[in-house]
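Enquirer: Structure, please.
(one chain, ligands or ions: 1)
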Amino acid sequence: MNIVYYAHSGLRYLVLLAALAALVVLARGLSGTRPYDRPARMVTGIYTGTLHLQVLLGILLVVLGRWYPAVMGHLVMNILAVAAVTVLGAWAKRAADGKQAYKYAFAGVAVSLLLLFAGIASIGRHPFQSRALDQVQAESR
Ligand code: HEM
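Expert: Sure thing, here's the model as predicted:
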C-alpha cells in the first residue's frame, strides 16, 4: 500500500509539470498560424498518458483500502479531468484547421488542470502538499 501511495503522491508532480509544458506549447500554437503538429500532439499525449497512469494508481489505492468519504470527490473530479482532456484532445485531432485544433487542445488541458486542482483540494491538500512525506518522516522517527 505504502509504495503505491508514495508513487501516487510523487507522480502528481510529473502530471502537473506535463500539464504546464503542454499549456506553454499549445499557447504558442494558439498565437500563430502553425498546423496542429507533432510537438503539440506529443505534449498533449504525454500529459494524457501520465494522467491515465495516475488514475490507475489512485484506483489501486482505493482497491487496497485507502478510502474515506472525501476520496469520492477526489475520484469524481479526477475522472472528469481525464474526460475533459480525452474528449477535447480527440476533437483537436479532427479539427478542420490548426487554430481550432489548438483551441480545443488548450481548453482540454486547462479545464482538466482546474479539475485536478479541485480534486486535490477535495482531500484537503493544495497541489504541492504531501502527507506521504509526513508519513515517511513519522516512520523514520
Ligand atoms: C480516479 C482517480 C483517483 C483516485 C481514485 C485517487 C485516489 C487517491 C487516494 C485514495 C488518495 C489518498 C488520500 C489520503 O490518504 O488522504 C489520494 C491522494 C492524492 N491524490 Fe489521488 N486519486 C486519483 C487521481 C489523482 C490525480 C489525477 C491526481 C493529480 C494529478 C491525484 C493527486 C493526489 C494527491 C496530490 C494526493 C495526496 C498525496 C499526499 O498527500 O502525499 N490523484 N488519491
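
Enquirer: Could you show which parts of the chain are in contact with the ligand?
Expert: 8-9, 12, 15, 51, 54-55, 58-59, 61-62, 66, 71, 74-75, 78-79, 116, 120, 123, 125, 130-132 (Cβ under 6 Å from any ligand atom). C-beta coordinates here come from the backbone N, C-alpha and C atoms, glycine included.

Enquirer: what about 5 Å?
Expert: 9, 12, 15, 54-55, 58-59, 61-62, 66, 71, 75, 78, 116, 120, 130-132 (Cβ under 5 Å from any ligand atom).

Enquirer: Which of those residues are buried, as a ChimeraX select command?
Expert: Written as a ChimeraX command, the selection of buried residues from the residues of the chain next to the ligand, which uses 16 or more other Cβ atoms under 10 Å, is:
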select :9,12,15,54,55,58,61,71,75,78,116,120
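
Enquirer: Take the residues of the chain next to the ligand and keep only those in strands.
Expert: Using DSSP state E, no member of those falls within strands.

Enquirer: Now do the buried residues in stretch 115-128.
Expert: Buried residues in stretch 115-128 (16+ other Cβ under 10 Å): 115-116, 118-120, 122-123.
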